[in-house]
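Trainee: Structure of the sequence below:
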Amino acid sequence: MRIMVSNHTDEHNVFYAAVQAIRRHSSGGNILIAATILALIIANIPGVNQYYFDFLTKEVRLQFGEFNIFSHGGQSMNFITFINDALMAIFFLSIGLEVKREILVGELSSFKQAFLPIIAAIGGMIVPVVIYTAFAKGTDFISGAAIPMATDIAFSLGILTLLGNRVPIALKIFLTTLAVVDDIGGIIVIAIFYSSHIDVTYLLFAIVFFALLLLGSRLHIKSKIYYFCVGGIIWFLFLNSGIHPTIAGVLIAFCVPVTPVFVPEKYIKTIRKSISNFRGEDDSILAKCSILNKNQMNWLKEIESASDKVISPLQDLEDSLHPIVNYFIIPLFAFANAGIFLLDTNPAIITEGISLAIICSLFAGKFIGILSFSWITVKLKFASLPTKTNWKMIASVSMLGGIGFTVSMFIAGLTFHTAEQSDMLNHAKLGIIIGSILSGIIGFALLRRTLPDNQNELMANT
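Mentor: Next up, the predicted model:
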């Protein structure tokens, strides 16, 4: 008799990894929305907004003697540059860790399962760029074509969670995978188009430290401190080499090892040995005891240490970064970048120029691109629809794909970064916010209308 267990285990791992990713991203959505609204309010309160804008231009220093780590070309960073070039490098580190995990044990580990959302994501990047280019041809904002490429995973999954268990898990996984592929596209764009004036000396030093990271991975060094310290040096070298420093975060992520210190078998043996020290006849004593003795503390410490060592450094680092990124870095990024002064803005700007180009690219381009490429892929029988879904659900999720907030804002800031382009940047941000809000509201309304009322109805319709 052959007992087939490996497939079930693999499916469980993929499913568990997907559910954990969904929970991580959707939980930060509300904080992100609140930070965005707060920034817009503060930026438009006379007398208060000046403190807000002044604070963003304050210098940030981490200095040892004459050497300032937070400097670029000898110039100190201000607060908004620190957020966009330093803290966002940690965000992209977490994205890199997520992509690596998805490739190894997640949705991207199975080409058959990942093919449909990958093609949908490609459509969701190509069509918005085409629409934007059509609007921007011959203008001074043509360089912003990459702005509407991205889908904000936190916002979009946050909206899905509002509908509870009415949403099939396969639909959530489809959107998560699509957004991850979008992030990969954004990373490639940043690496290719937002790096200039390469300083070869800094780049060569960065390569040396990357070799140290790879050597550490090869030697099975598990310390997160090691990867953070060496990674921090690489970030500084990238910052001053001309390559955008956020790319360092992604490359560092791919150097973090995936094998744990303890294999599960050794872990089980360790905790069995430690647990065996607690005898059954001691249960009544332990029930009355609030303070452990020295031996009991040591036995429990052994279990704790073994539990830490059975988790791979990649997963451990990703879990450690999750609260920092979702509850601090991304909301802070939104608070610093979404503050647009609107009191002297002509409402007509959303019907022209870069604002209109971005609104149409996000709202219409994302929807058309994701849905049409998905439809073609399924009709040509290269892939099938996700389990327990239909075309109405895919169309609704395609609309949610137009929520391009975080990475779109980031690329807009990279594109229009000079003082002379400040008005254009504000108009671009306004277009991103309006396009994302429209996509979110209509996507949510479509999902409410198309999703079954409960899981029993969902099962009956499939």
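
Trainee: need the strands for this structure, in chain order.
Mentor: 59-60, 63-64, 67-68, 71-72, 75-78 (DSSP state E).

Trainee: Mind checking those for the one nearest to residue 435?
Mentor: Of all these, strand 75-78 sits nearest to residue 435, with 27.9 Å by Cβ to Cβ. C-betas here are computed from N, CA, C, even on glycine.

Trainee: List the contacts of the closest one.
Mentor: 56-61, 68, 70-71, 85-86 (Cβ atoms under 8 Å, 6 or more residues apart in numbering).

Trainee: any idea which of the residues you listed has the most stuff around it?
Mentor: Compared across these, residue 86 has the highest neighbour count, 22 neighbours, by other Cβ atoms under 10 Å.

Trainee: so what's residue 355 up against?
Mentor: 349, 427-428, 430-431, 434.

Trainee: Mind checking which of the residues you listed are in helices?
Mentor: 427-428, 430-431, 434 (DSSP state H).

Trainee: Could you check how far the closest residue to residue 247 other than its chain neighbours is from residue 59?
Mentor: Among residues not flanking residue 247 along the chain, residue 191 sits closest, at 4.9 Å (Cβ to Cβ, 6 or more residues apart in numbering). Taking Cβ to Cβ, to the nearest Å as the measure, residue 191 falls 28 Å from residue 59.

Trainee: Which single one of the ones in helices among the contacts of residue 355 is nearest to residue 313?
Mentor: residue 428 (38.3 Å).

Trainee: I'd assumed residue 414 was in contact with the closest one.
Mentor: No - the criterion here is Cβ atoms under 8 Å, and residue 428 misses it with residue 414 at 11.1 Å.

Trainee: Which of those two has more residues huddled nearby?
Mentor: Comparing residue 428 with residue 414 by neighbour count (other Cβ under 10 Å), the higher total belongs to residue 428, at 28 against 20.

Trainee: Read off the pLDDT value for residue 332.
Mentor: Here the pLDDT value assigned to residue 332 is 91.

Trainee: who's in contact with it?
Mentor: 35, 83, 87.

Trainee: cutoff 10 Å now
Mentor: Listed by Cβ atoms under 10 Å, 6 or more residues apart in numbering, the contact set of residue 332 reads 35, 79, 83, 87-88.

Trainee: can you pick the most crowded of those residues?
Mentor: Most neighbours among these, by other Cβ under 10 Å: residue 88, with 25 neighbours.

Trainee: quick one: contacts for that residue?
Mentor: So residue 88 contacts 82, 95, 244-246, 249, 325, 329-330, 332-333, 406-407, 410, 413 (Cβ under 10 Å, 6+ apart).

Trainee: In the stretch 251-400 of the chain, mark out all the helices, start to finish.
Mentor: Using DSSP state H, counting those that start in this stretch, the helices of the stretch 251-400 of the chain run over residues 264-275, 283-288, 294-309, 313-324, 330-337, 353-360, 366-379, 391-400.

Trainee: Give me whichever of these is most buried.
Mentor: helix 353-360 (a mean of 25; mean count of other Cβ atoms under 10 Å).
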